[in-house]
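Peer 1: Pasting a predicted model and its sequence here:
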Amino acid sequence: MGFKKNEVFVADIIDITNLGFGVAKREGEVVFVSGTVPGDVVRVKIIKSEKSYSIGRAEEIITPSPMRVGDRCENSACRSCAYKCISYSDEAKIKEESVRQVFKKAGLSEVRVMPLVKSPIERGYRNKAQYPVARGKGGEYIIGFFAPKSHRVTEAADCPLAPDVFSEILELLRAFFAEKQISVYDEVSGEGLLRHIYLRRGEVSGEILITLVINGCALPHSDELTARICERFPSVVGVLLNINEKSTNVILGEKFITLFGRDYIFDTLGGVRLKITAPSFYQVNHSAAELLYAKAKELASPTKDDLLLDLYCGAGSIGLSMADAAGEVIGIEIVESAVECARFNAEANGIANASFYAGDASEAARLLAPAEAERGGKILPDIVILDPPRAGTTKELIEHIATLAPKKVVYISCNPQTLARDMVVFKEFGYVGNEVTPFDLFPMTGHVESVVCLTRK
């Protein structure tokens with residue numbers, strides 16, 4: 001018997017998803033209940049019923065779970081954080097077990113999931129944040145995040161996961177937009193100017209880069225805006241416009257215009273000083289990333305006889321952090337500006353045994369062609385570092401890596417599901433991993449980073 005819309009019943013919450021929905025079951029049928037955590041006993045009202053699942057709303061928490069500690073974030077309107085109602089120790093246990101279950105479901109129960117490495121800090125850890133902008137019914141500017149599974153923007157300018165200076169910058173921008181009545185992009189009509197505010201900060205350097213994503217070629221009163229920013233925030237080293245006139249969910253367009261200063265910041269990670277542009281990949285949680293990179297280096301254990309191939313290398317942070325121990329590092333990245341940064345970073349840090357090339361990992365057979373053409377020979381790496389986006393890598397690239405026959409593949413993943421999926425494919429080509437170590441780079445959210453070393457059978 002399925003759930004019916006508007007049906008009300010009492011349920012025990014037995015689990016929680018990485019989107020923050022409590023999970024209840026009745027006669028094997030699943031209902032996801034917002035605002036609940038494992039251990040809650042709640043009165044649930046069904047608000048949506050599908051064939052394979054239903055969505056419920058908690059009408060009353062009859063018996064609260066021992067996990068509940070009250071909201072770790074005071075913004076009740078924003079539901080972006082999955083675990084803001086529970087303690088960090090319970091969150092860590094849930095994340096570790098979620099990784100374990102992912103590998104079990106993928107048929108990799110022989111892989112041991114190690115204890116989750118917690119983030120050294122729980123709040124203020126984000127060095128990058130992208131805020132969509134909307135207008136409320138009263139014309140007010142709403143700066144925050146999209147509500148789960150929607151394009152409705154909820155106010156979150158005071159997000160506790162970001163440094164306080166981000167909130168201060170957003171309030172200056174909000175006041176400026178209101179004063180000048182800057183139009184806001186509408187997804188339905190395709191009209192309006194302002195789309196996103198993108199802030200990036202160096203944890204060690206303190207340098208801040210502000211990027212305004214617009215549906216147009218210019219921002220009215222931009223000179224006045226940059227003057228106000230510079231007067232109030234001396235740590236801002238650059239203000240950019242990013243042009244995105246496409247009807248797309250992708251935040252950044254391809255063209256950047258520098259309104260003030262420079263189009264990059266500096267920061268230091270893994271003992272390497274890095275130049276980072278707006279589109280370059282860089283780990284969001286600096287202090288936790290230090291722990292992750294140290295583990296990746298331990299797993300790789302490069303020697304002076306080893307050629308290390310760093311795929312999806314971004315600005316080169318991982319490969320450069322291992323260059324002191326390796327014989328040579330070659331990095332491949334699709335974003336041209338990130339490749340330029342990686343080359344700059346190698347030279348600026350006096351690292352002579354690292355080189356970087358532009359390449360698309362989706363074209364596995366041609367991935368190393370530019371590097372091989374310049375070097376005049378085939379590249380046969382001893383160690384491969386993989387750090388792909390959430391979608392993971394491709395079977396074609398995995399097969400190509402296997403043909404290169406490295407002795408180790410160190411895979412860093414921000415998505416346990418795609419990591420497990422890709423490890424199944426690696427296993428088909430003779431590469432297996434015994435231990436996966438999860439890292440929490442995103443406290444309060446449902447995201448988990450993991451690292452594993454795969455070796456040839």
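Peer 2: Noted; the coordinates are in hand.

Peer 1: Need the distance between the two termini of stretch 309-318.
Peer 2: End-to-end span of stretch 309-318 (CA to CA, to the nearest Å): 11 Å.

Peer 1: Skipping its backbone neighbours, what lies nearest Asp310 in space?
Peer 2: Nearest non-adjacent residue to Asp310, counting by CB to CB, 6 or more residues apart in numbering: Gly319, 3.4 Å away. No exception for glycine: its C-beta is placed from N, CA and C like everyone else's.

Peer 1: Give me the neighbour count for that neighbour.
Peer 2: 32 (other CB atoms under 10 Å).

Peer 1: What separation do you get for it and Ala364?
Peer 2: 19 Å (CB to CB, to the nearest Å).

Peer 1: got a pLDDT number for Cys189?
Peer 2: Careful, residue 189 is Ser and not Cys. Listed pLDDT for Ser189 reads 92.

Peer 1: Please apply the same query to Glu7.
Peer 2: Note on Glu7: pLDDT of 88.

Peer 1: Could you report the neighbour count for it?
Peer 2: Residue crowding around Glu7 was assessed by other CB under 10 Å; the count is 15.

Peer 1: and if you look at Val111?
Peer 2: 20.

Peer 1: wait, it sits on Pro438?
Peer 2: No - at 11.8 Å, Val111 does not count as touching Pro438 under the criterion of CB atoms under 8 Å.

Peer 1: I'd guessed Ile14 sits against Pro38; true?
Peer 2: Yes - using CB under 8 Å, Ile14 is in contact with Pro38, at 6.2 Å.

Peer 1: bridging residues for Ile142?
Peer 2: Under DSSP bridges, the beta-bridge partners of Ile142 are Ala134.

Peer 1: ok now do it, which residues does it touch?
Peer 2: By CB atoms under 8 Å, 6 or more residues apart in numbering, the contact list for Ile142 reads Val133, Ala134, Arg135, Gly136, Val153, Thr154, Glu155.

Peer 1: got it, and Gly253?
Peer 2: Gly253 touches Val213, Asn242, Ile243, Asn244, Glu245, Lys246, counting by CB under 8 Å, 6+ apart.

Peer 1: The closest residue to the last one other than its chain neighbours: which element?
Peer 2: Spatially, and ignoring its direct neighbours in sequence, Lys246 is nearest to Gly253 (6.8 Å; CB to CB, 6+ apart). Secondary structure from DSSP states H and E places Gly253 outside every helix and strand.

Peer 1: What is the burial count for Gly270?
Peer 2: Neighbours of Gly270 (other CB under 10 Å): 19.

Peer 1: So it versus His286, what's the distance?
Peer 2: Using CB to CB, we find Gly270 at a distance of 10 Å from His286.

Peer 1: Next: Ile351.
Peer 2: 20 Å.

Peer 1: between the two, who's got more neighbours?
Peer 2: More neighbours surround His286 than the other of Ile351 and His286, with 21 against 18 (other CB under 10 Å).

Peer 1: Quick check: pLDDT value at the more buried one.
Peer 2: 97.

Peer 1: repeat for Met1
Peer 2: At Met1, pLDDT is 55.

Peer 1: quick one: secondary structure of Ile401?
Peer 2: Secondary structure of Ile401, reduced to three states by DSSP: H, G, I helix; E, B strand; the rest coil: helix.

Peer 1: What residues are bridge-paired with the nearest residue to it once chain neighbours are set aside?
Peer 2: Excluding the flanking residues, the one nearest Ile401 by CB to CB, 6+ apart is Val384, at 5.6 Å. As for beta bridges, Val384 partners with Leu309, Val409 under DSSP bridges.

Peer 1: so who does Val384 touch?
Peer 2: Counting by CB under 8 Å, 6+ apart, Val384 makes contact with Leu308, Leu309, Leu311, Ile401, Leu404, Pro406, Lys408, Val409, Val410.

Peer 1: Next, count neighbours for the fourth one.
Peer 2: Counted with other CB under 10 Å, residues neighbouring Ile401 total 23.

Peer 1: ok so, going back, who wins on neighbours among the contacts of Ile142?
Peer 2: Highest neighbour count within those: Val133, with 24 neighbours (other CB under 10 Å).

Peer 1: can you tell me how far that residue sits from Phe145?
Peer 2: Distance from Val133 to Phe145, by CB to CB: 11 Å.

Peer 1: tell me, what's touching these two both at once?
Peer 2: Each of Val153 lies in contact with both Val133 and Phe145 under the rule CB under 8 Å, 6+ apart.

Peer 1: tell me which residues of stretch 249-257 are tucked away?
Peer 2: By 16 or more other CB atoms under 10 Å, the buried positions in stretch 249-257 come out as Leu252, Gly253, Phe256, Ile257.

Peer 1: Pull it out as PDB, backbone CA atoms only.
Peer 2: Taking only C-alpha atoms (Å, rounded to 0.1, in the frame of the first residue of the first chain), the coordinates of stretch 249-257 have been written out as PDB:
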ATOM      1  CA  ASN A 249      23.000  26.400 -15.100                       C
ATOM      2  CA  VAL A 250      26.800  26.900 -15.400                       C
ATOM      3  CA  ILE A 251      27.800  29.800 -13.200                       C
ATOM      4  CA  LEU A 252      30.800  31.200 -15.100                       C
ATOM      5  CA  GLY A 253      31.100  32.300 -18.700                       C
ATOM      6  CA  GLU A 254      34.300  32.200 -20.600                       C
ATOM      7  CA  LYS A 255      35.100  36.000 -20.700                       C
ATOM      8  CA  PHE A 256      36.500  37.900 -17.800                       C
ATOM      9  CA  ILE A 257      36.900  41.700 -17.600                       C
END
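
Peer 1: Which helix or strand contains Leu212?
Peer 2: Short version, using DSSP H and E: Leu212 is in strand 208-214.

Peer 1: ok, for Tyr88, nearest residue in space, not its chain neighbours?
Peer 2: Nearest to Tyr88 is Glu122, by CB to CB, 6+ apart, at 5.5 Å.

Peer 1: quick one, strands of the stretch 51-200 of the chain?
Peer 2: Along the stretch 51-200 of the chain, counting by DSSP state E, counting those that start in this stretch, strands occupy 54-63, 112-113, 128-135, 141-146, 153-155, 194-201.

Peer 1: cool, the stretch 351-457 of the chain as well?
Peer 2: Going by DSSP E, counting those that start in this stretch, the stretch 351-457 of the chain shows strands at 354-358, 383-386, 408-413, 431-439, 449-456.

Peer 1: pLDDT (mean, whole number) over the longest one?
Peer 2: Per-residue pLDDT over strand 431-439 has a mean of 97.

Peer 1: counting contacts, what elements does that strand pack onto?
Peer 2: Helices and strands touching strand 431-439, by 3 or more CB pairs under 8 Å, 6 or more residues apart in numbering; DSSP states H and E, are helix 88-105, strand 112-113, helix 286-300, helix 416-428, strand 449-456.
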